[in-house]
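Engineer: Only the shape, not the letters, is given here:
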């Protein structure tokens, strides 16, 4: 993809199974490979071999394009047949994603070994979801190092320079973005959860729908802070949440400095079209306007006016 003046934008694909790789022909990378499907198929947890062969398949189909594999992200609204999780009052604020993996170390190490073994079949990036602090990032990287040691003992090869990154979806890490950028290789913003946590509004609850404001100035200011930190560090940053696939948001994100968008296959054409309508200068001016507004309503009004012009 590109802006009207030729500024290049990488368009990536979000996938949730091996069967969804085919549209990669029209995209530059796989920005989010959700691994939960492997854990949902039976009431037994998938072993290392089953995971390895699924990850290898996707890397081979991607044909040299980078693939970002997200480690297991369950808890919150997602449960696992093979793992009995305690009932939580506030599951979105509970033991989910990386937190759950760090507590179930064998589960985590099995997945990390499978990911590492697949890394020799293409360009694999590994991403940890729900990182809330530098402690989380360090603990996840330490687990990855341990998985590497286990493979070394077995004499199994893997990409020793595999890229490690974080999903930024908790506001505490958005505020620490510069420090996080110093300790990882890349980031991807999960805007659905970031919006939910930033506005304290459960995205599954229709009663607070009006409070879940993905186009609020607060959201765009938080994104600007994240992008600025990673751009300054010379590290890639993408958005893989729903906002990346929204044509109204696309020029604003590009204007804030985003050069990597990852989305479901059905959103690709619309986003490419939306980006082509703007030059970089126009997108930057628009992003500045959006961040200076006071309410989501004002942001949406401004963007609706552009659609009709």
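Structural biologist: That came through, no problem. Predicted model only: the values in this text are computed from it and were never measured. Numbering: from 1, shown residues only.

Engineer: gap between whichever strand or helix holds residue 58 and the chain center?
Structural biologist: Counting by DSSP states H and E, the element that carries residue 58 is helix 48-62. Distance of helix 48-62 from the chain centroid (Cα atoms, centre = their mean, to the nearest Å) equals 19 Å.

Engineer: Nearest residue to residue 167 in space, please, no chain neighbours.
Structural biologist: residue 129 (4.5 Å; Cβ to Cβ, 6 or more residues apart in numbering). For the C-beta atoms, the positions are set from N, CA and C on the backbone; glycine is no exception.

Engineer: what packs against the helix holding residue 58?
Structural biologist: strand 29-34, helix 36-40, strand 67-70, helix 105-118 (3 or more Cβ pairs under 8 Å, 6 or more residues apart in numbering; DSSP states H and E).

Engineer: and stretch 88-99, which residues are buried?
Structural biologist: Judged by neighbour count using 16 or more other Cβ atoms under 10 Å, the buried positions of stretch 88-99 are 91, 95, 96, 97, 98, 99.

Engineer: mean confidence score for the helix or strand hosting residue 269?
Structural biologist: Residue 269 is part of helix 268-276, with elements assigned from DSSP H and E. In this model, helix 268-276 has a mean pLDDT of 97.

Engineer: Sitting in helices, which of the buried residues of stretch 88-99 do you find?
Structural biologist: Judged by DSSP state H, helices contain the following of the buried residues of stretch 88-99: 98, 99.

Engineer: Least confident of the buried residues of stretch 88-99?
Structural biologist: residue 91 (83).

Engineer: Relative to residue 176, how far out is it?
Structural biologist: As judged by Cβ to Cβ, to the nearest Å, residue 91 and residue 176 stand 24 Å apart.

Engineer: returning to what we had before: can you name every helix or strand that the helix holding residue 269 contacts?
Structural biologist: Partner elements for helix 268-276 (3+ Cβ pairs under 8 Å, 6+ apart): strand 10-15, helix 250-255.

Engineer: Sheet partners, orientation included, of the first one?
Structural biologist: In this case it means strand 10-15. strand 29-34 (parallel), strand 260-263 (parallel) (DSSP bridges).

Engineer: Next, the angle from it to helix 48-62.
Structural biologist: Per axes from the mean of the first three to the mean of the last three Cα atoms, to 10 degrees, the angle that strand 10-15 makes with helix 48-62 is 140 degrees.
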